[in-house]
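*Asks:* Can you look at this prediction? I've put the sequence above it.
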Amino acid sequence: MKKSIKLSNCTLVSLVSFGNNKLPKSTIIFNMGPAKTCASDALGLCKVSNKCYAKKAERLYPQVLPYRMRQAAYWLTSDIETIKVDFKALLSCKREKPTKLRLNESGDFYNQECITKAEKLAMFLKKEYNIITYTYSARSDLDFSGCKALLVKGSGHNQGNNGQTLVVPKNTLQAPKGSIFCPGSCKVCSACSSDRKINIAFKMH
C-alpha cells in the first residue's frame, strides 16, 4: 500500500496563494524570492526598477518581505523531486483544481539552473494536472530556448520563449505596434498564459 501524502507535512502549503485582486483563485502564485533580492534588478536588467510594484508591496506591508524570503529559501534549498511531492500534496487537497501556476509576482530567475528546475516543475504540472505554468523575466542574459512547458515572456526584451512585455506611460492611448494592452485583470484575459506569443503592453502602475 502506498503511503498517503499528508498536507500537514507539506512545507509548500504556507508558501503559495491562490488568486488575488487581479488573478483568479484557479491560479497558484509562487515566487522564487522577493523584489529586494531580485537578480534582474541587481544586474541592472530591470527596466522599471524605480517603479517596481513588488518593491512597493514589500515596503507597505510588513508581512510580505518575510513571506517572500521564506519562498526563496524553499526554492533554493529544495530539489525538484521534493517540490513535485509538495505540489502533489497541495493539489490533492484542492476541491477546485487550479488551472495555472504564476511564477514570480516578485523576483526573477537567479541562474540557468533555476530555469531548468522551473521547466521540470512545469512539465510535471502539465502532464499530471494539465496546469499551465507561466511567468515573466527580465533575465535577457539567460537561455529559455529549452523550455517547452514553461511559458516565459521577456520583460522588456524578446529573449523569452513566449513573446515579450513592455511598460508604457499611464496616459498612453494606443498600444505599441505588435502588442496589446493588458486589461488590468487576469480574471478577464488569458493572453499572458497563452502559448501564442502575444506581446503585452502594461500601463505604468
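*Replies:* Sure thing, it's come through. Numbers count the residues shown, from 1 in each chain.
*Asks:* Where does pLDDT dip in the protein?
*Replies:* Within the chain, the ranges that satisfy pLDDT under 70 run 1-10.
*Asks:* Show me where it has its strands.
*Replies:* For the chain, the strands defined by DSSP state E occupy 17-18, 27-30, 100-103, 132-137, 150-155, 164-168, 179-181, 199-203.
*Asks:* could I get these as CSV with mean neighbour count?
*Replies:* Glycine gets a C-beta too; all of them are placed from N, C-alpha and C. Written out in CSV, the entries for the strands of the chain read as follows (neighbours: other CB atoms under 10 Å):
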stretch, mean neighbour count
strand 17-18, 16
strand 27-30, 22
strand 100-103, 23
strand 132-137, 24
strand 150-155, 25
strand 164-168, 19
strand 179-181, 16
strand 199-203, 18
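*Asks:* would TSV of those strands with distance to residue 70 be doable?
*Replies:* TSV is the format used below for these (distance: least, CB to CB, whole Å):
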stretch	distance to residue 70
strand 17-18	13
strand 27-30	11
strand 100-103	16
strand 132-137	19
strand 150-155	23
strand 164-168	27
strand 179-181	34
strand 199-203	28
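*Asks:* Which one, of the ones you listed, ends up nearest to residue 61?
*Replies:* Closest to residue 61 of the strands of the chain, according to CB to CB: strand 17-18, at 13.3 Å.
*Asks:* any idea how far the closest one is from the chain center?
*Replies:* 12 Å (CA atoms, centre = their mean, to the nearest Å).
*Asks:* How about stretch 192-205?
*Replies:* The answer for stretch 192-205 is 13 Å, by CA atoms, centre = their mean.
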